[in-house]
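# Have a look at this prediction, sequence included:
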Amino acid sequence: MLLTALISSLTIIFSLTPGYGCVEIIGGHDVPSHSRPYMASIQVNRKHKCGGALIKPAWVLTAAHCADGKPKLNSVVLGIDSLRENTKTKQVFKIKKEFPHRSFDRNTKENDIMLLQLDRAVDINKFVSILRLPKRYSDLKAGTHCTVAGWGITKEKSTTPSNRLKEVNITIVDRGTCNDKDHYNDKPKVTANMLCAGDKNGNDACEGDSGGPLICNNKYSGITSFGIGCGKAKYPGIYTALTNKYLDWIKKITAPVSKPDY
């Protein structure tokens, strides 16, 4: 799905949860109505917590750290642009099972990826559809333009998500730059399983809610993972890259007849 909106003059805020930047969009741009039919709102007791993407009729891909904390994630909402409007396009599902990557490390942020199995298949239509995974991964060069969307907050110090789905454009940053002493300084280290993206003006890389999809060259390329700071170019956002090892893991978990070992 082509993401076309261009956003400028944007301030992004990260409020730290245990070890993670809880992504909050300040002044983001509303997406065109129902233009992101794969976007999922992952909720706890009807309150939005994380974003995600529908990748199969009964499967949503998100970040593993979204499962941290209590109470547990318990529902997924699809077919919406607004969190509050009760539209006919809205589809609500219970979470049948969580599949966080078994090697997810909360300290290094490595393997921050999780699958959610829904209690039933979605009704595929023009308002709810699948975001296709890449067949194989190809690393992204620095300077590649990407887009992220999510229901981040719209006012600094607020704890209330945006009612409307918003998006912003960002650019891939070289891992070496992200890891140098002027940026993350290897704390944590941005590995080959991660993507670093941001903006020289401080329009930060981790736009959208944690778990939301990173779209680069019109392809699903990563999952929003973490960030540090308050609109600072020093700390671009970090994404879990959809590398071949993760694509193989997804196929294994979501295979129709399988006993997943995650």
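Ah, there it is.
# C-alpha from now on. contacts and neighbour counts both.
Will do.
# Now for L118: which residues touch it?
Contacts for L118 (Cα atoms under 8 Å, 6 or more residues apart in numbering) come out as 58-60, 76, 93-97.
# run the last query once more with 6 Å
With contacts defined as Cα atoms under 6 Å, 6 or more residues apart in numbering, the neighbours of L118 are 58-59, 94-96.
# What's opposite it in the beta bridge?
I95 (DSSP bridges).
# what's the distance between it and A64?
Distance, L118 to A64, by Cα to Cα, to the nearest Å: 16 Å.
# nearest to M194, of the contacts of L118?
Among the contacts of L118, W59 lies closest to M194 (Cα to Cα), at 22.2 Å.
# Tell me who's in contact with the residue lying closest to that closest one once chain neighbours are set aside.
Closest residue to W59 in three dimensions, ignoring its sequence neighbours and counting by Cα to Cα, 6 or more residues apart in numbering: Q117, at 4.8 Å. When contacts are counted by Cα under 6 Å, 6+ apart, Q117 touches 58-59, 95-97.
# Most neighbours among these, which one is it?
Ranked by neighbour count (other Cα atoms under 10 Å), the contacts of Q117 have W59 at the top, with 24 neighbours.
# residues touching that one, list them.
Residues in contact with W59 (Cα under 6 Å, 6+ apart) are 116-118.
# hang on, the earlier thing: nearest to D199 among the contacts of Q117?
Of the contacts of Q117, the one sitting nearest to D199 (Cα to Cα) turns out to be W59, at 31.8 Å.
# distance of that closest one from P134?
W59 is 16 Å from P134, by Cα to Cα.
# How about K219?
Here K219 is placed at a distance of 7 Å from P134 (Cα to Cα).
# Which of the two has more residues huddled nearby?
K219 (17 against 14).
# Give me the pLDDT for the more buried one.
On pLDDT, K219 comes in at 97.
# again, but for L6
We have a pLDDT of 32 for L6.
# Return the residues in contact with the most centrally placed residue in the chain.
Note on the chain: the residue nearest the mean C-alpha position is G212, at 1.8 Å, using Cα atoms, centre = their mean. Taking Cα under 6 Å, 6+ apart as the contact definition, G212 lies against 51-52, 223-224.
# Relative to G176, how far out is T240?
T240 sits 16 Å away from G176, going by Cα to Cα.
# Neighbours of H183, how many?
H183: 15 neighbours (other Cα under 10 Å).
# Name the nearest residue to it, sequence neighbours excluded.
If the residues on either side of it in the chain are set aside, H183 comes closest to K234, at 5.0 Å by Cα to Cα, 6+ apart.
# same question, S138
Nearest residue to S138, sequence neighbours excluded (Cα to Cα, 6+ apart): T243, at 7.6 Å.
# and if you look at D30?
K166 (4.3 Å).
# Specify the beta-bridge partners of that neighbour.
D30, G150.
# Quick one: neighbours of it, just the number.
Around K166 there are 27 other residues, counting by other Cα under 10 Å.
# Could you do the one 4 residues further on as well?
If you count neighbours by other Cα under 10 Å, I170 ends up with 28.
# do P37 as well
Residues near P37, counting by other Cα under 10 Å: 22.
# Who are the contact partners of it?
Going by Cα under 6 Å, 6+ apart, P37 touches 79, 127-129.
# just those residues now: which is nearest T87?
G79 (8.6 Å).
# Thought F127 was touching the closest one, still the case?
Yes. G79 lies in contact with F127 (Cα atoms under 6 Å); the separation is 5.1 Å.
# quick one, which of these two is more surrounded?
More crowded of G79 and F127, by other Cα under 10 Å: G79, with 25 against 21.
# returning to that earlier point: quick one: which of the contacts of G212 is most hemmed in?
Comparing these on neighbour count, T224 comes out first with 35 neighbours (neighbours: other Cα under 10 Å).
# Relative to H65, how far out is it?
10 Å.
# Fine by me, we can end here.
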